[in-house]
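Asker: return a 3D structure for these sequence lines:
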Amino acid sequence: MKALVQDRIGPPLEVVELREIPDPVPEPGEALVRIVAAGIHPGDFFFTQGQYPEAKRPALPGQIVGNHGVGRVVETGGRADLAPGMLVAFSAGRVWAEYAAVDARALIPLPDDYPIDRAVQLMPAITARDALDASEVGSGQWLAVTAGHSLVSTLVIQMARRRGVKVAAIVRRRIAGRDLEALGADAVIALSDLETPLGEAVLGATDGAALSGVIDAVGGEVLTQLLGVLGFRGRGIIVGAYDLRPFQAGALKVLMDLQEIRSYVYRYFLSPPPAADADYLAGVLAELADPAIEVRIAGRWSIGDYRKALEATVAHPEEGKHVLMF
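Answerer: Numbers count the residues shown, from 1 in each chain. Modelled structure (predicted):
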């Protein structure tokens, strides 16, 4: 089968190669899945560069890359509710390939007609839902969301609007044709246009109201500024790290304002979905499938064009997700 493989640690454009390798042979408890599509996500870049926890780092040489996919079941791995041909989504690694042997417990069954473009973005939808829930921002309160053009952030914006939460979307720059206010943002603050510190700009947009929550994918000075205007019992949720420089938080402010700053990693990063999550997953899938929710796909690529897909992802991440099609 064709697969995208790495032999050494580094950015995907430097270490990923297209190869012909043997088809996987499932171990006991593993299902065999024919991959239909796989998204390209920031986590894939963290993975190839060895930035994941020890248990999730590449096994070199010959590591098949890619973390999240959609496919059709070939062999069920003994799981009673699966059948050959069933459409499934999963987060299990080794998915940038024509076939994958996957822990059968990791497979999330989908309706046969579920839109592939949306199924392949289930991980960002789960992340958006969980981060919004973790922020505990209520109706009428203010939430700041960074990397505002990213898929996770645009999903947060849209989900927050449905829950009555006010959103200040922070972006590097405004982009023609991208209307975050139409998606539900109450304010859009472009870092490239700032004439005052970001914290002051946020308070100007909120008419002086402190933030009740921050969902941050940037870090560095952006997060420092937002934590500076986080209010009483506010929560900062870190979901990404575009800026690897340290951020700062005032210990006394965090202590006396009873604030929380915590990380969020995709909920099935280290373990498969438990049966108890069935209703939760059904809710996320229903919201993700709603045509009123925008899921922006910037490009669909064959595995042979993987370099173009990676280059487009690196050059213009704000334009939408790129998907490998098999």
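
Asker: contacts for the helix or strand of the chain with the lowest mean pLDDT?
Answerer: Ranked by mean pLDDT, DSSP states H and E, the helix or strand of the chain with the weakest confidence is helix 42-48, at a mean of 94. Residues outside helix 42-48 that contact it (C-beta atoms under 8 Å, 6 or more residues apart in numbering): 6, 9-12, 15-16, 52, 56-58, 65-68, 93, 217, 240, 266. C-beta: built from backbone N, CA, C; applies to glycine.

Asker: now the buried members of these.
Answerer: The neighbour count (16 or more other C-beta atoms under 10 Å) marks 6, 9, 12, 15-16, 52, 56, 58, 65-68, 93, 217, 240, 266 as buried among those.

Asker: which helix runs longest in the protein?
Answerer: Ranked by number of residues, the top helix in the chain under DSSP state H is helix 122-135.

Asker: average pLDDT across the next helix or strand after that helix?
Answerer: Note on helix 122-135: by DSSP states H and E, the next helix or strand toward the C-terminus is strand 142-145. What strand 142-145 shows for mean pLDDT is 99.

Asker: and strand 142-145, what does it pack onto?
Answerer: Contact partners of strand 142-145 among helices and strands, from 3 or more C-beta pairs under 8 Å, 6 or more residues apart in numbering; DSSP states H and E: helix 151-162, strand 166-171, strand 211-216.

Asker: make CSV out of those and add mean neighbour count and distance to A251.
Answerer: Putting the helices and strands packed on strand 142-145 into CSV (neighbours: other C-beta atoms under 10 Å; distance: least, C-beta to C-beta, whole Å) gives the following:
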stretch, mean neighbour count, distance to A251
helix 151-162, 24, 28
strand 166-171, 25, 24
strand 211-216, 27, 17
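
Asker: okay if I get the ones you listed as JSON lines plus mean pLDDT and distance to V73?
Answerer: Formatted as JSON lines, the helices and strands packed on strand 142-145 follow (pLDDT from 0 to 100; distance: least, C-beta to C-beta, whole Å):
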{"stretch": "helix 151-162", "mean pLDDT": "98", "distance to V73": "26"}
{"stretch": "strand 166-171", "mean pLDDT": "98", "distance to V73": "38"}
{"stretch": "strand 211-216", "mean pLDDT": "98", "distance to V73": "34"}
